[in-house]
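Colleague: Okay, predicted coordinates and the sequence, questions at the end:
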Number of protein chains: 2
Amino acid sequence: MPTASSILAVGSIALDAVKTPKESVIDVLGGSASFFTLAASHFAPVRLIAVVGDDLPAQYLRLLEQRPIDLAGLQRRPGKTFRWSAEYSGTYLETRQTLRTDLNVFADFHPHLPESVRASRFVFLGNINPGLQHEVLDQVTQAEFIACDTISLWIETESPSLERLYRRVHCVMLSYEEALQFTGQPSLIGAVRQIRDLGPRALIIKRGEYGSLLFTSEGVFAAPARLLEHSQVKDPTGAGDAFAGGFMGALARGGRTDEQALRAAMLYGNVLGALAVTDFSVHGMTDVTLADLETGAEELRAMVSLDGVWRR
Amino acid sequence: MPTASSILAVGSIALDAVKTPKESVIDVLGGSASFFTLAASHFAPVRLIAVVGDDLPAQYLRLLEQRPIDLAGLQRRPGKTFRWSAEYSGTYLETRQTLRTDLNVFADFHPHLPESVRASRFVFLGNINPGLQHEVLDQVTQAEFIACDTISLWIETESPSLERLYRRVHCVMLSYEEALQFTGQPSLIGAVRQIRDLGPRALIIKRGEYGSLLFTSEGVFAAPARLLEHSQVKDPTGAGDAFAGGFMGALARGGRTDEQALRAAMLYGNVLGALAVTDFSVHGMTDVTLADLETGAEELRAMVSLDGVWRR
């Protein structure tokens, strides 16, 4: 078993307010970097690049400090932490209405990478303004596998910057709807072709309850999603970031990024994504053991197993 | 290679009128039995139980006669053949509006199984009134694997009869939406549990572009769907029946119904379902060779391959 490589991760840390038909929570830990680092840290050390205000409850910082997460790149600024609120509806809470976004200390944030983390081999650019994702890339020196995520807002407002970003990374992650939005294509195949033409080795399309798809030069891999009861889905916030954390964590743990490693990592991504939605904030992912995650990945593997089936 | 078993199949033969945003066709060959038998006959002989009027164009009968399809159970009645018309819309033509259904000779149809076909090992009860599906079951003598399909209309109007049917068969096929409709459950897992409690060994949930799921006592199998450009989707009519034909055909060809055989058959089902939508009427499935179908199944197998990935 090789020692896991560290993952450099940039993204937001937020205080979220989330409302669902059954429950509401206020000022809980959220943000793309929170979900990503807590998911990834089950598998590999994470070096976090983010900013928080002086109002972030100490218990939330402790949640991060308790795990193999390096906070040297975490900026602490006077003022309020980034705040975000949303309301969900639908059987699987699949419909989201963003109610409010207050950038606060995020408004002037510029990532600064301590010298100690610039040589990271694995880099994850979580959802923040694409300009800031570029600023991180400008500072890394030995990245071997860079993945990035985004949201609909940046596709709408920063599409040229995203396109430049996609030319600089190895792996692009988008939801099905975001891929169509970014390309203007009516169907997935056309969108995939257009994004892959920008150069990334891997393109991951997230399809929620229908699992996720990996596109590389070696073909397509359809990773199944864990089937959840609607009553198990409490809060969809952060599912995509948790997916990214499971995926990058599994890659960094093995230190490989070949096709087989990417396919296995997709299963871990889907396991963490499904866990994230089973509770508010990051709690669906924090009380699980590595053994639980292995069992989850094995269950997904069994869902696509054709062992002993093919006889040609 | 064992000799393929014959499949007994009951269902409708129709003259369809189909309208899409780009094209329209009138009086083309349709109906659940047409799609099923033409799909299944790539793999195994089919014994067709159905009724047609005296207006069915001879060329459509020839399409069936040219293949290993036994027409001894096809009733030819004075009057008009069953007619159905619908209009599709949406990127993938995913929205259907049924415009008209004229039962015609189907109104007095009662399936009569010639003595020669009653001993079939594989039986498919295609979409018709559940009462008629029961009548077929009453006449078969040695069925080892009985599968049935239905549509939303019968779930709405004949739910008790369907429930009795599901207690008599080995394999139930439903679309995702139909499974929720039949059970009144809000999520798939609950619906699956409720239907499996009725007794069928296998339950197949069809999810269109997201593939299909097989539920048995051994677990869940997620069969991926072929990814299609929206421009490749010409007419979704019959996709479910074609799926069933590919699935049952592959089973009957091998003569086995164990878990491995069911999983492999799911891939052939998805191959035929995807072919059916690429042209109007049955034409998407008729001009392909068995080698094409093997290639298609191999492509789907590759989409879920974890060969050499798992190292535990």
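Modeller: On my side now, so go ahead.

Colleague: quick one: what helix or strand has A:Gln59 in it?
Modeller: In this assignment (DSSP states H and E), A:Gln59 forms part of helix A:58-65.

Colleague: The following helix or strand past that helix: how far from the chain's middle?
Modeller: Using DSSP H and E, the helix or strand that follows helix A:58-65 in sequence is strand A:69-76. Mean-position distance between strand A:69-76 and its chain equals 18 Å (Cα atoms, centre = their mean, to the nearest Å).

Colleague: that older thread, in the helix holding A:Gln59, what's buried?
Modeller: A:Tyr60, A:Leu61, A:Leu63, A:Leu64 (16 or more other Cβ atoms under 10 Å in any protein chain shown). Backbone N, C-alpha and C define where each C-beta goes, glycine included.

Colleague: Please tabulate these in a markdown table, including the columns distance to B:Trp154 and pLDDT.
Modeller: As requested, those are exported to a markdown table (distance: Cβ to Cβ, whole Å; pLDDT from 0 to 100):
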| residue | distance to B:Trp154 | pLDDT |
| --- | --- | --- |
| A:Tyr60 | 54 | 97 |
| A:Leu61 | 59 | 96 |
| A:Leu63 | 53 | 96 |
| A:Leu64 | 55 | 97 |
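
Colleague: Now the residues you listed in CSV, please, with extra columns for distance to chain B.
Modeller: Formatted as CSV, those follow (distance: Cβ to the nearest Cβ, whole Å):
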residue, distance to chain B
A:Tyr60, 32
A:Leu61, 35
A:Leu63, 30
A:Leu64, 30
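
Colleague: Break down the stretch 201-312 of chain A into its strands, ranges please.
Modeller: Along the stretch 201-312 of chain A, counting by DSSP state E, counting those that start in this stretch, strands occupy A:202-206, A:212-216, A:219-223.

Colleague: What sits closest to A:Ile7 if chain neighbours are left out?
Modeller: A:Phe122 (4.4 Å; Cβ to Cβ, 6 or more residues apart in numbering or on different chains).

Colleague: which phi and psi does A:Val123 have?
Modeller: phi -130, psi 130 (degrees, to the nearest 10).

Colleague: Let me know whether it touches A:Gln139 as I believe.
Modeller: No. Using Cβ atoms under 8 Å, A:Val123 makes no contact with A:Gln139, being 10.1 Å away.

Colleague: Show me which of the two is the more surrounded one.
Modeller: Ranked by neighbour count (other Cβ atoms under 10 Å in any protein chain shown), A:Val123 and A:Gln139 place A:Val123 first, with 27 against 16.

Colleague: Report pLDDT for the more buried one.
Modeller: On the pLDDT scale, A:Val123 is placed at 98.

Colleague: Next, the buried residues of stretch A:162-173.
Modeller: A:Leu162, A:Leu165, A:Tyr166, A:Arg168, A:Val169, A:His170, A:Cys171, A:Val172, A:Met173.

Colleague: so which pair among the residues you listed is furthest apart in space?
Modeller: With distances taken as Cβ to Cβ, the most widely separated pair in those is A:Leu162 and A:His170, at 15.4 Å.

Colleague: Those residues of the stretch 101-250 of chain A touching chain B, which are they?
Modeller: Residues of the stretch 101-250 of chain A lying close to chain B (Cβ under 8 Å from any Cβ of the partner chain) are A:186-190, A:207, A:210-211, A:219-222, A:224, A:227-231.

Colleague: Just the buried ones from the residues you listed?
Modeller: Applying 16+ other Cβ under 10 Å to those flags A:187-190, A:207, A:210-211, A:220-222, A:224, A:227-228 as buried.

Colleague: CSV for these, including pLDDT?
Modeller: Shown next, in CSV, are these (pLDDT from 0 to 100):
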residue, pLDDT
A:Ser187, 92
A:Leu188, 96
A:Ile189, 96
A:Gly190, 96
A:Arg207, 96
A:Tyr210, 96
A:Gly211, 97
A:Val220, 98
A:Phe221, 98
A:Ala222, 98
A:Pro224, 98
A:Leu227, 96
A:Leu228, 95
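
Colleague: Contacts only, for the residue of the stretch 1-150 of chain A at minimum distance from chain B.
Modeller: Nearest residue of the stretch 1-150 of chain A to chain B, counting by Cβ to the nearest Cβ: A:Thr91, 5.1 Å away. For A:Thr91, the contact set (Cβ atoms under 8 Å, 6 or more residues apart in numbering or on different chains) comprises A:His230, B:Pro186, B:Ser187.

Colleague: pretty sure the second one contacts A:Gln232?
Modeller: No. If you go by Cβ under 8 Å, B:Pro186 and A:Gln232 don't touch, sitting 11.8 Å apart.

Colleague: if I pick the residue lying closest to A:Met285 once chain neighbours are set aside, what's in contact with it?
Modeller: Once flanking residues are discounted, A:Met285 sits nearest to A:Leu275: 5.0 Å by Cβ to Cβ, 6+ apart. Residues near A:Leu275 by Cβ under 8 Å, 6+ apart: A:Ala242, A:Gly284, A:Met285, A:Val288, A:Gly296.

Colleague: May I have the phi/psi pair for A:Asp55?
Modeller: According to degrees, to the nearest 10, A:Asp55 has phi -100, psi 0.

Colleague: any idea how far it lies from A:Phe106?
Modeller: For A:Asp55, the distance to A:Phe106 equals 13 Å [Cβ to Cβ, to the nearest Å].

Colleague: circling back to that earlier point, output the contacts of A:Leu275 in CSV, with pLDDT appended to each entry.
Modeller: Formatted as CSV, the contacts of A:Leu275 follow (pLDDT from 0 to 100):
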residue, pLDDT
A:Ala242, 98
A:Gly284, 97
A:Met285, 96
A:Val288, 97
A:Gly296, 98
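
Colleague: Neighbour-wise, which one of those residues leads?
Modeller: A:Ala242 leads the contacts of A:Leu275 on contacts (other Cβ under 10 Å) with 29 neighbours.

Colleague: Could you report the neighbour count for A:Phe109?
Modeller: For A:Phe109, using other Cβ under 10 Å, the count is 21.

Colleague: ok so, going back, where does the residue nearest to A:Met285 sit relative to chain B, distance-wise?
Modeller: 16 Å (Cβ to the nearest Cβ, to the nearest Å).

Colleague: and what of A:Gly199?
Modeller: When A:Gly199 is compared with chain B (using Cβ to the nearest Cβ), they lie 21 Å apart.
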